Every structure is written in structure tokens, then in C-alpha cells.
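Asks: Provided below are the primary sequence and the corresponding predicted coordinates.
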Amino acid sequence: MDARTETTETTETTFLDCLPTVGKCCFCISLKVGCLIIAVLGVLGSLDGFLEFGMEEADPCFEGDIYEFMKWQAFSFYIAMLITSVYCIIGIIRRWRNAVKVYMYVMTFSLILTLIFGICFFYVPTKKDCGESWAYSVANFFSCLVSFYFLVVLRSYYKQM
């Protein structure tokens with residue numbers, strides 16, 4: 001074979017390549033619609049977190065330096081998540097692969113951040129008349145499972161595009 005006619009395809013290998021794939025979201029919804037729903041949930045969740053930031057009623061049970069640090073990290077992340085969620089919605093509608101890829105990386109960061117916050121909640125002191133902080137850790141770990149499934153759906157759609 002002549003060297004001029006050979007084509008070499010460069011494939012980018014990332015940690016996302018090892019994720020399993022699914023044919024449908026939640027066993028009955030197309031991957032495109034599932035990804036749109038995930039991105040819309042990302043917008044709503046970001047807006048909720050962004051609007052609740054700093055409201056005393058939103059976090060009446062926690063105090064301390066660790067919690068203040070976590071709160072500011074979450075605020076910064078809500079802004080990034082809002083921007084990339086909107087970008088992903090537009091990208092899915094216009095079939096921009098890069099938009100889905102960027103959103104997958106942000107979702108991965110979200111999963112890691114949620115896991116770290118779940119661990120930190122073990123060490124955050126709670127105020128009087130509040131539940132145990134470990135309950136918030138358990139809730140964060142369940143949130144990680146949901147985020148992982150969202151990541152699998154996004155990866156499956158990205159591969160299908």
C-alpha cells in the first residue's frame with residue numbers, strides 16, 4: 001500500500017471511553033431526549049443552587065470554616081454548570097459534539113465535587129436541632145450514583161452522534 005493513500009485516524013482516548021453505554025435513557029427514552037432532560041435538570045439545579053446561595057434559610061443546619069469553603073466552591077461551580085448546561089442544550093439541538101463533550105467533563109467534575117462534599121459533610125458541625133451530618137453524606141453519595149448514570153447516558157449519546 002502506498003504511503004500517500006494510507007489514512008491514519010487519530011482517536012482521542014479519555015477516561016470517559018471506559019464508561020458503559022446504554023441504548024436508551026431510563027429504558028424507554030431516546031438518548032437525545034434523555035440528554036436534553038439531563039441538561040435542563042442541570043440548568044434548574046444550577047439556578048436553584050445559585051439563587052439559594054447565602055440565604056440563611058437554605059442552610060440553617062451547618063456552620064464552620066469547612067462549610068463556608070464548601071459553599072463558595074459550590075457557588076463557583078453553579079455558575080460553570082449553568083453556562084455549560086445551556087451550551088449543551090444548544091449543542092444537542094444543533095448536533096455539536098463538542099458541546100456534549102464539554103458537558104460530560106463538567107458532569108465528571110460535578111461527580112467528583114459531590115463525592116468530596118459527601119466526605120466533608122462527615123466533618124461539618126451541625127447546629128442544634130438538626131439531623132446528623134452523616135445523613136447529608138449518604139444523600140450526596142446517592143446523588144453521585146445518579147450523576148454517574150447521567151454521565152453514562154451522555155457518553156452513549158456522544159458516541160452515537
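Replies: Happy to help now that I have it. Numbering: from 1, shown residues only.

Asks: Please compute how far the helix-or-strand element of the chain with minimal mean pLDDT lies from its chain's middle.
Replies: Ranked by mean pLDDT, DSSP states H and E, the weakest helix or strand in the chain is helix 65-94, scoring a mean of 87. Going by Cα atoms, centre = their mean, to the nearest Å, the spacing between the C-alpha centre of helix 65-94 and its chain's C-alpha centre is 9 Å.

Asks: buried sites along that helix?
Replies: For helix 65-94, burial by neighbour count (16 or more other Cβ atoms under 10 Å) applies to 67, 70, 74, 77-78, 81-82, 84-89, 91-92. C-beta here means a position set from N, CA and C on the backbone, and glycine is covered the same way.

Asks: Give me the below-cutoff pLDDT ranges for the chain.
Replies: 1-12, 54-64, 128 (pLDDT under 70).

Asks: What residue, apart from its backbone neighbours, is nearest the residue most central in space within the chain spatially?
Replies: Geometric centre of the chain, nearest residue: Met107, 2.8 Å, by Cα atoms, centre = their mean. Take Met107 and drop its neighbours on the chain: the residue closest to it by Cβ to Cβ, 6 or more residues apart in numbering is Leu151, 5.1 Å away.
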